[in-house]
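Novice: can you look at this prediction? I've put the sequence above it.
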Amino acid sequence: MMESFEALKVISQHRGNAIIVATMTAHLEWPQISTNPDLDLMFSGAMGKASSMGLGLALAQPDKKVIVLDGDGSLLMNLGSLVTIANMAPRNLIHFVFENTVYRITGGQPIPAAGKFSFIALARDAGYANVHEFEDLESLENNLETVINQVGPTFVCLKLLPATERPPFPFVRTADIISRFRAALQRSSH
Amino acid sequence: MTVTALTAHRVLDELKKCGITHIVWLPSSETRFMDDAMMSQHELTLVGVCREGEAIAIAAGLMLGSKEPVVMHQNTGFFESGDSVRGLALGLRLPLLLLIGYRGWRRDAPITDSAAIFTEPILDTWGIKHYLVETDRDVERISMGYKEAHETNKPVAILIGREYE
């Protein structure tokens, strides 16, 4: 099992110029780690919809990698998006889910059927091109470069230690960074 | 004067005139007349979704990536998508055109379907302007709505008042 913050550090090392869509735990932790904040979309405002936002960005910008940092409770709110994403088959989308088995942001309540189902099985059966699951930091570090360079859509489940306290970092409102994000996206498209 | 039914090619032509690139949609009875024409053309990319809230978020991503999507679904689906409409379309001030199948709407008979009864009051409460499109004579309201959305940086709804035949 991993700590989310440590897993995000590894993702950051391999991120390159990818667009990041981060929600829930990652929403709070990623800004402390990111080296390219202009292309970070800290996503709030529509619970569970980070994967859908990532799909829209991936379809709009097929030459850029789009990395979604999703929560397990968050994805459960929008499971149909696995089918939608697989159907549209964006080659440039990498969808991480941070499986900590709790709603960390609201106090650590368990998600439904915690530990009784497999996210990678759901993603595989939905039709993602690649699915991966990592239980420790070392295997994530050793394999992430290969995973990120696969032709997507790619799904990666990270097994995390349950955490009951919110990360001690400020909340970034999506509305407050949207202009910066949009401008950076336009600049990087030219 | 004969009233002309709303036809798919007129709606699609109007969307193309606006520069629309994607239709993010979930089928409904009221927009059934569009399906064959949509699926047999290649200028507009279709993005089928499993639930309507997804559609708003996908459209938001497309817009941030400089594309011009519309979302098309039924009024019941609009209700389902409420949190995404609130937090994304309104919260991020996105000029998103919503084509909403107006289930239960009747011009010449009492409206008894709660889907129709609540549609316009909810749009009004959220400050989303809306225009009714029933026939080909109304189709330019789509362009009008698109223009208004961009002038105000807010979503605008086009209510499709055409029952599946």
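Specialist: Perfect, I can see it now.
Novice: which parts of chain B are helices?
Specialist: B:8-17, B:35-39, B:52-64, B:75-80, B:82-84, B:114-125, B:140-152 (DSSP state H).
Novice: I'd like those helices laid out as JSON lines, including distance to residue A:120.
Specialist: Using the backbone N, CA and C atoms, a C-beta is placed for each residue, glycine as well. Listed next are the helices of chain B as JSON lines, based on distance: least, Cβ to Cβ, whole Å:
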{"stretch": "helix B:8-17", "distance to residue A:120": "38"}
{"stretch": "helix B:35-39", "distance to residue A:120": "32"}
{"stretch": "helix B:52-64", "distance to residue A:120": "21"}
{"stretch": "helix B:75-80", "distance to residue A:120": "28"}
{"stretch": "helix B:82-84", "distance to residue A:120": "26"}
{"stretch": "helix B:114-125", "distance to residue A:120": "38"}
{"stretch": "helix B:140-152", "distance to residue A:120": "40"}
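Novice: which of the ones you listed is buried the deepest?
Specialist: helix B:52-64 (a mean of 30; mean count of other Cβ atoms under 10 Å in any protein chain shown).
Novice: contacting residues around the nearest residue in space to residue B:103 that is not next to it in sequence?
Specialist: In this structure, residue B:103 finds its nearest non-sequential neighbour in residue B:115, 4.6 Å apart by Cβ to Cβ, 6 or more residues apart in numbering or on different chains. Residue B:115 makes contact with B:74, B:75, B:76, B:79, B:103, B:104, according to Cβ atoms under 8 Å, 6 or more residues apart in numbering or on different chains.
Novice: any idea how far chain B is from residue A:188?
Specialist: 11 Å (Cβ to the nearest Cβ, to the nearest Å).
Novice: what distance do you get for that residue to residue A:181?
Specialist: Separation of residue A:188 from residue A:181 (Cβ to Cβ, to the nearest Å): 11 Å.
Novice: any residues in contact with both of those two?
Specialist: residue A:39.
Novice: between those two, who's got more neighbours?
Specialist: Taking other Cβ atoms under 10 Å in any protein chain shown, residue A:188 and residue A:181 do not tie; residue A:181 has more neighbours (21 against 15).
Novice: quick one: pLDDT of the closest residue to chain A within chain B?
Specialist: Chain A sits closest to residue B:61 of chain B, with a gap of 2.1 Å, by Cβ to the nearest Cβ. At residue B:61, the model reports a pLDDT of 98.
Novice: please list the residues of chain B that sit near chain A.
Specialist: Listed as neighbours of chain A in chain B under the rule Cβ under 8 Å from any Cβ of the partner chain: B:22, B:45, B:47-51, B:53-67, B:69, B:83-84, B:86-88, B:91-93.
Novice: contacting residues for the most centrally placed residue in chain B?
Specialist: Centroid check for chain B by Cα atoms, centre = their mean gives residue B:99 as the closest residue, at 0.6 Å. Residue B:99 is in contact with B:11, B:31, B:70, B:71, B:72, B:73, B:142, B:157, B:158, B:160, counting by Cβ under 8 Å, 6+ apart.
Novice: which one of these has the most neighbours?
Specialist: residue B:71 leads those on contacts (other Cβ under 10 Å) with 32 neighbours.
Novice: what about residue A:36, how many neighbours?
Specialist: Residues within reach of residue A:36, counting by other Cβ under 10 Å, total 15.
Novice: could you do residue B:51 as well?
Specialist: Using other Cβ under 10 Å, residue B:51 is surrounded by 18 other residues.
Novice: could you point out which residue ranges in chain B have low pLDDT?
Specialist: For chain B, the stretches flagged by pLDDT under 70 are B:1-3, B:163-165.
Novice: what about 50?
Specialist: Low-confidence segments of chain B (pLDDT under 50): B:1.
Novice: if I look at the nearest residue to residue A:38 once chain neighbours are set aside, how far off is chain B?
Specialist: Among residues not flanking residue A:38 along the chain, residue A:184 sits closest, at 3.6 Å (Cβ to Cβ, 6+ apart). Going from residue A:184 to chain B by Cβ to the nearest Cβ gives 11 Å.
Novice: quickly find the element holding residue A:184.
Specialist: helix A:174-189 (DSSP states H and E).
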